[in-house]
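S.K.: I would like to see how this sequence folds:
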Amino acid sequence: MKIPFSPPFVDQDVINEVVDTLESGWITTGPKVKALEEEVCKLTHAPRALAVNSWTSGAILILKWFGVKEGDEVIVPAYTYSATALAVLHCGATPVMVDVKDDFTIDPEKVKAAITSKTKVIMPVDIAGLPCDYDAVNDIVNDPSIKNLFTATSENQEKLGRILVLSDAAHSVGALYKDKQTGVWADITIFSFHAVKNITTSEGGAICINLPKPFDNDAEYATMRLWTLNGQTKDAFTKSQGGGSSWKYDIVFQGLKVNMPDVCAAIGLAQIRKYTSQLMEERKRVAERYHSFFSQKNWAQLPIIKDSDRTSCYHLYALRMNDITEEQRDKMMEHIADKGVSVNVHFIPMPMLTLFKDLGYNIENYPVAYNNYSREISLPIYPQLTDADVDYICNVIEEAYQKVI
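M.R.: Coordinates of the predicted model:
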């Protein structure tokens, strides 16, 4: 038996939507992108959503929009994919890494201790589909003593008057925190629609804009949309409509080129329309079947898929084994692979990666992140898995544990 780790969900609805785009004669940013943005708003209840060509480009856009530059600091968890910190580096700023909690999410106490007058943004990460503690993070940035420490160096920083909360929700589209969707708990939330995500556009993402007054979210959407198009005042679709001076455009600032094309949006559009009613329910089925099996094993530490405040969107099933070493975990993975099951690890903490080690980060300063990483194996979880597939995976994991440990 061969079980892949995370194949994309492509059914006839996806194929039909893509073919419709191809037959329309318009494949770059246009009506499909707009429709996808509207569906994201419908799902999350965010005031506005802007589609981009990746989570990373969306994060760079927002950091630049907020005026983050050399000399500034952005607080990020040490336990996340490298894009979280790479976006900060691309703006010339410094990622300030802090440790995480046992549930993989950023530790608010560590965040508070890391804030300085240079801190411009806090970027919490929702890991595996589980939201972080948004109340704690929002309380920190609104604490009068923290606000007094904030030093604004751009127009948008002056307007906000405090540290920006930029949620890395690459994993958590559809997840709930206190019965409200991710997308409305931070000032800005960015989802990923990468090929392995719950909703995919092959490559892509969406920025949910949820800024407080005096910001006008509609106006900021329009500005950020220009940011995605090199600062150009008209997109290609608008220019193509013909007539008079419709072709004329201006470049009003130094933007980026990170727009999402319609041919990609079509894939996500077909998926998001059945996401909560079908796709996420199938992921839940798989997660609960794993839970039922591994809850009976005293060597297994189950991931949180629901607690009093949070409901996961079941992006990953991050299983940890108790009292094992990184080396033993790796040996387990070799045995699992030999049995035809593709598994993964999420994530190698950033301080263990060459780029960040060379910048002076040391994993010894992040003991919880390392402990989580050293014992974790991400199991396949997607709608196409049958119950028989899941049972086979469970048995292979137990067999690997018994063989190695």
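S.K.: where do the strands sit along the chain?
M.R.: 48-52, 73-77, 94-98, 119-122, 164-168, 176-177, 180-181, 188-192, 205-209, 300-301, 310-311, 317-321, 376-379 (DSSP state E).
S.K.: Would you quantify the distance from the residue most central in space within the chain to Phe193?
M.R.: Using C-alpha atoms, centre = their mean, the residue of the chain that lies closest to the mean C-alpha position is Ala170, 1.0 Å off. Distance of Ala170 to Phe193, given as C-beta to C-beta, to the nearest Å: 9 Å. Bear in mind the C-beta positions are built from the backbone N, C-alpha and C, glycine included.
S.K.: And Asp11, by the same measure?
M.R.: 17 Å.
S.K.: Those two: which is more packed in?
M.R.: Just comparing Asp11 and Phe193: by other C-beta atoms under 10 Å the higher neighbour count belongs to Phe193, 30 against 14.
S.K.: So what are the structural domains in this protein, by residue number?
M.R.: 12-272, 275-404 (automatic domain parsing).
S.K.: Of the ones you listed, which stretch is the most buried?
M.R.: domain 12-272 (a mean of 20; mean count of other C-beta atoms under 10 Å).
S.K.: What is the end-to-end distance of that one?
M.R.: Domain 12-272 has an end-to-end distance of 14 Å (criterion: C-alpha to C-alpha, to the nearest Å).
S.K.: Please list all residues in contact with Tyr177.
M.R.: 131, 134, 185, 309-310 (C-beta atoms under 8 Å, 6 or more residues apart in numbering).
S.K.: Excluding chain neighbours, what is closest to it?
M.R.: Pro131 (4.1 Å; C-beta to C-beta, 6 or more residues apart in numbering).
S.K.: swap in Tyr370?
M.R.: Leaving aside its sequence neighbours, Tyr370 sits nearest to Ile363 (C-beta to C-beta, 6+ apart; 5.3 Å).
S.K.: Give me the spatial nearest neighbour of Arg285, chain neighbours excluded.
M.R.: Asp387 (8.0 Å).
S.K.: Report whether the expected contact of that neighbour with Tyr290 is present.
M.R.: No - if you go by C-beta atoms under 8 Å, Asp387 and Tyr290 don't touch, sitting 11.2 Å apart.
S.K.: worst-scoring helix or strand of the chain, pLDDT-wise?
M.R.: Sorting the helices and strands of the chain by mean pLDDT, DSSP states H and E puts helix 236-239 at the bottom, at a mean of 62.
S.K.: What ranges in the stretch 51-200 of the chain fall below the confidence cut-off?
M.R.: Flagging of the stretch 51-200 of the chain using pLDDT under 70 yields an empty set of residue ranges.
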